[in-house]
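Peer 1: Predicted model and sequence follow; I will ask about them next.
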Amino acid sequence: MTTVLNSKTFPRFSPKWLRSPWAIVISVILGAYIGSFHPAVARQLQPLGSLYLGLLKMCVLPILLSAISNSIGRLMRTHDAQRYVRRILLVFPLSLVAVSAIAAAIAAIAGPGRNLAASTLETLGVLINQSGVDIEIALSGPTTTAATNNIGNLVVDIVPENIFTALSEGQTLQVLLFAIIFGVSLGLIRTQSTNALFDILDSIYRSFNQVIHWLTYLLPIGLCSLLAYQLSEIGIEVLVSMVGFVVVMLVISLVIYLVGTLVIWQRSGHSLSQVMSAMKDPTILALATSSSLACLPAAISSLSEDLGFDRQTTDLVTPLTITLCRFGSVAYFGAAALFVAQLYQKEMGLGTLMIIIGGSILAGMATSGVTGILTLTMLGLVLDPLRLPLDAVLVLFIAIDPLMDPLRTLGIVHTGMATTAAIASPETVAQSQGDPIPVHQ
């Protein structure tokens, strides 16, 4: 009797599996094995990893420019723009500084990058004056002198003299400032002709976001190649240094979550148990999906329907906080920068801490519209002014990113909800004021 083989006998392979956590885990294990025991093969795989990073970096500036300009421009065109802008200009900076300072303080006290083995530090090449590394991944441009440690020089450097030069050279901070100014001015021009430009910006964002979506299917290959090559150069023992950083990030995320919950509790007027119950769905979604945009409907529903915040405020401000503030990324960059600075035994003065706090805010905002390991390349915005190399440690952060990405998303969503609650007027809580303003997402 002949056995007929069909699709039921051998189930078809689904490409969606490549985006699953299991695929990431397998790629990390395989990359670690190849890099540790077959260094020659790892070096042959290195071009694949470089190609993958190049494709990801290709999408950074178009997404950054379109997402931020579009969000700010549409905010400026609302009828209550002046009222919202005043509150946003007060609450947003205070919230960003608070989150960044909390992360930096905990990382500075815990010291996950301190007291590592001398062999590990030597392997990473922590003697900066001997490294001489050209940081191709640092997106804010090359640092040529130690004068860039001065905050004043850093502020001057982010002003683009020529936006096209900034775009061609990948000067992300300059493009970020241009996007903010351009979005404000575009929103103040209330003509029909600007609607077409908003649509173009939205199309650019969606197009490159689709490219990022396609690239996520290649993440296991890119991660395996990058990890194998890096481990062939530095050794498997270096990954042990990341255990302390993971624990510190868990503590930071818990502290920020508790602070955000207390803010929502105080502003809502509901009991703490009701607030915790309302936070359940956005929290689970953030940890499960690692997508802040996917959590947006649940976040708005929890604030407006479960806790009674004004629907108009939540509809307008919540998407803006998730798009621009990126609190989870800000906290992550603050802790990561402290980790790298401690790893390289950099002297931690007040000026260095100020640069880390300010730089993590700017880097976090620069991740608007991007997800996954593309977010990690923005760490160069914080490390570059400190003359610390990113490429030597980037693969370490990539290796633990499946654990860190859900925490970043939770920080973005939950702290964004807390910021929305802080902006909502006390008299608008627990009442509805007409139809919500439609917000373009």
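Peer 2: Looks like it came in fine.

Peer 1: Low-confidence stretches in the stretch 1-150 of the chain?
Peer 2: For the stretch 1-150 of the chain, applying pLDDT under 70 flags the ranges 1-14, 19, 60, 79-81, 116-150.

Peer 1: switch the cut-off to 90
Peer 2: The stretch 1-150 of the chain contains residues with pLDDT under 90 at 1-90, 110-150.

Peer 1: Give the buried residues for the longest helix along the chain.
Peer 2: The helix spanning the most residues in the chain, taking DSSP state H as the definition, is helix 81-110. Buried residues in helix 81-110, counted by 16 or more other C-beta atoms under 10 Å: 81, 84, 88, 91-92, 95-96, 99-108, 110. Bear in mind the C-beta positions are built from the backbone N, C-alpha and C, glycine included.

Peer 1: now swap in stretch 242-259 and tell me
Peer 2: Within stretch 242-259, the residues scored as buried using 16+ other C-beta under 10 Å are Met242, Gly244, Phe245, Val248, Met249, Ile252, Ser253, Val255, Ile256, Tyr257.

Peer 1: I'd like to know which of those are part of helices.
Peer 2: Met242, Gly244, Phe245, Val248, Met249, Ile252, Ser253, Val255, Ile256, Tyr257.

Peer 1: In what element of secondary structure is the residue nearest the centre of the chain found?
Peer 2: The centroid of the chain falls nearest to Ser329 when counting by C-alpha atoms, centre = their mean (3.8 Å). Here Ser329 sits within helix 327-343, counting by DSSP states H and E.

Peer 1: Averaged pLDDT, that helix. What do you get?
Peer 2: Helix 327-343 comes out with an average pLDDT of 91.

Peer 1: Name the next helix or strand downstream of it, please.
Peer 2: According to DSSP H and E, the helix or strand after helix 327-343 is helix 350-366.

Peer 1: Mind checking the pLDDT average for the next helix or strand after that following helix?
Peer 2: Next along the chain after helix 350-366, taking DSSP H and E as the criterion, comes helix 380-383. For helix 380-383, the mean pLDDT works out to 84.

Peer 1: do stretch 179-196 as well
Peer 2: 83.

Peer 1: and it, how far out from the chain's middle?
Peer 2: 26 Å (C-alpha atoms, centre = their mean, to the nearest Å).

Peer 1: in that stretch, what counts as buried?
Peer 2: Buried-residue list, stretch 179-196, by 16+ other C-beta under 10 Å: Ala179, Ile180, Phe182, Gly183, Leu186, Gly187.

Peer 1: Kindly confirm whether my reading is correct that the first one touches Ser69.
Peer 2: So that's Ala179. Yes. The pair Ala179 / Ser69 is scored as a contact, 4.7 Å apart, by C-beta atoms under 8 Å.

Peer 1: surely Phe397 meets Leu379?
Peer 2: Yes. Applying C-beta under 8 Å, one finds Phe397 in contact with Leu379, separated by 7.1 Å.

Peer 1: So between these two, which is more surrounded?
Peer 2: Between Phe397 and Leu379, counting by other C-beta atoms under 10 Å, Leu379 is the more crowded of the two (27 against 21).

Peer 1: give me the number of residues near the closest residue to Val41 other than its chain neighbours?
Peer 2: Ranked by C-beta to C-beta, 6 or more residues apart in numbering and with sequence neighbours excluded, the top spatial neighbour of Val41 is Ile34, at 5.5 Å. Using other C-beta under 10 Å, Ile34 is surrounded by 22 other residues.

Peer 1: does Ile34 sit in a helix or strand, and which one?
Peer 2: Counting by DSSP H and E, Ile34 is found in helix 21-37.

Peer 1: tell me which residues of that helix are tucked away?
Peer 2: Quick answer for helix 21-37 (16+ other C-beta under 10 Å): Ala23, Ile24, Ser27, Val28, Gly31, Ala32, Tyr33, Ile34, Gly35.

Peer 1: Just give me the closest of the residues you listed to Cys295.
Peer 2: Ile24 (20.5 Å; C-beta to C-beta).

Peer 1: From what I see, the closest one and Ile221 are in contact.
Peer 2: No. Ile24 lies out of contact with Ile221 (C-beta under 8 Å); the separation is 11.3 Å.

Peer 1: Report the set of residues contacting both of those two.
Peer 2: None of the residues lies in contact with both Ile24 and Ile221 under the rule C-beta atoms under 8 Å, 6 or more residues apart in numbering.

Peer 1: who are the neighbours in contact with the residue nearest to the centre of the chain?
Peer 2: Ser329 neighbours (C-beta under 8 Å, 6+ apart): Ala363, Gly364, Thr367, Thr375, Met378, Arg408, Gly411, Ile412.

Peer 1: Return the item of these having minimum pLDDT.
Peer 2: For the contacts of Ser329, the least confident entry is Thr375, with 75.

Peer 1: Just the strands from the stretch 101-250 of the chain, written as ranges.
Peer 2: Taking DSSP state E, counting those that start in this stretch, the stretch 101-250 of the chain contains no strands at all.

Peer 1: and Pro297, how many neighbours does it have?
Peer 2: Pro297: 14 neighbours (other C-beta under 10 Å).

Peer 1: Let me know the pLDDT of it.
Peer 2: For Pro297, pLDDT reads 76.

Peer 1: contacting residues for it?
Peer 2: Contacts of Pro297 by C-beta under 8 Å, 6+ apart: none found.

Peer 1: got it, and the one 3 residues further on?
Peer 2: With C-beta under 8 Å, 6+ apart as the criterion, the residues that contact Ile300 are Arg311, Thr314, Asp315, Thr318.

Peer 1: at 10 Å instead, please
Peer 2: Contacts for Ile300 (C-beta atoms under 10 Å, 6 or more residues apart in numbering) come out as Pro282, Phe309, Arg311, Thr314, Asp315, Val317, Thr318, Pro319, Met417, Thr420, Pro436, Val439.
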